[in-house]
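Q: Predicted model and sequence below, questions to follow.
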Amino acid sequence: MSEEQNFDEPLNIEALKTGDRHELAKMVELYSDQVYRVALKMLNNPSDAEDVLQETFIKAMRAIKNFQERSTISTWLYRIAVNESLMFLRKQKPEAVVIEEEPQNNEDQDYSAIQVVDWCCLPEKEFLSSESRAHLNEAIQNLPAKFRSVFILRDIEGLSIRETAEALNLTETNVKTRLLRARMRLREDLTQYYGERMAEVKNE
């Protein structure tokens, strides 16, 4: 590992590479929840997420000898989990995973046509209701897979832009672009939803 990389790695990488059972079990224990969470957000199906969880660790254990320590184990596992999720989506719904060229001059993309509703007057219970949470989850699922993966890693799992880029094998610029587009799509969706809820609250 290069001197510039100074990761706070909780695992003994050398032991992992030799197939140390204790260290492999520790890896699974440490990162199962995160991997499952990402798979569940990508696939929206607990059974499918369990399958991806298992495949992620099976592939990780087979490939650990080749781990080059350019990132943390967790970032590496996220990459495997997202790739496995995308492969699953391709098998189930080939049209759901379409690789498109990133638009040029995306920083100047015009989002001014999106009407943003002021949600400040909605009761707090509206934001915490199971219906609102379900709608947010549905909105995330409706994102194209390439936007959804970036949004999940950056805004839900809390990875940095750099870590997200490493996990998805993207440039940081592409991560920022996809994240912006994901957030704007979600904002448009949720603006419509909460706009309707505002109207309902006023009529009550």
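A: Sure, I can see it. Just so it is clear, the structure is predicted and the values come from calculations on it, not from any experiment.
Q: any idea how far residue 19 is from the nearest residue to residue 17 once chain neighbours are set aside?
A: Of all residues not flanking residue 17 in the chain, residue 65 sits nearest, at 5.2 Å (CB to CB, 6 or more residues apart in numbering). For glycine as for every other residue, the C-beta is placed from the backbone atoms N, C-alpha and C. Distance of residue 65 to residue 19, computed by CB to CB, to the nearest Å: 8 Å.
Q: how's the protein carved up into domains?
A: 13-96, 108-203 (automatic domain parsing).
Q: need those in CSV with mean pLDDT and mean neighbour count, can you?
A: Output for the domains of the chain, formatted as CSV (pLDDT from 0 to 100; neighbours: other CB atoms under 10 Å):
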stretch, mean pLDDT, mean neighbour count
domain 13-96, 92, 17
domain 108-203, 76, 16
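Q: can you tell me which residues contact the spatially most central residue of the chain?
A: Closest to where the C-alpha atoms of the chain average out (CA atoms, centre = their mean) is residue 152, at 2.3 Å. Residues in contact with residue 152 (CB atoms under 8 Å, 6 or more residues apart in numbering) are 38, 41, 42, 140.
Q: One more pass at 10 Å, please.
A: For residue 152, the contacting residues are 37-42, 78, 82, 85, 140, 143, 159, 164, 182, by CB atoms under 10 Å, 6 or more residues apart in numbering.
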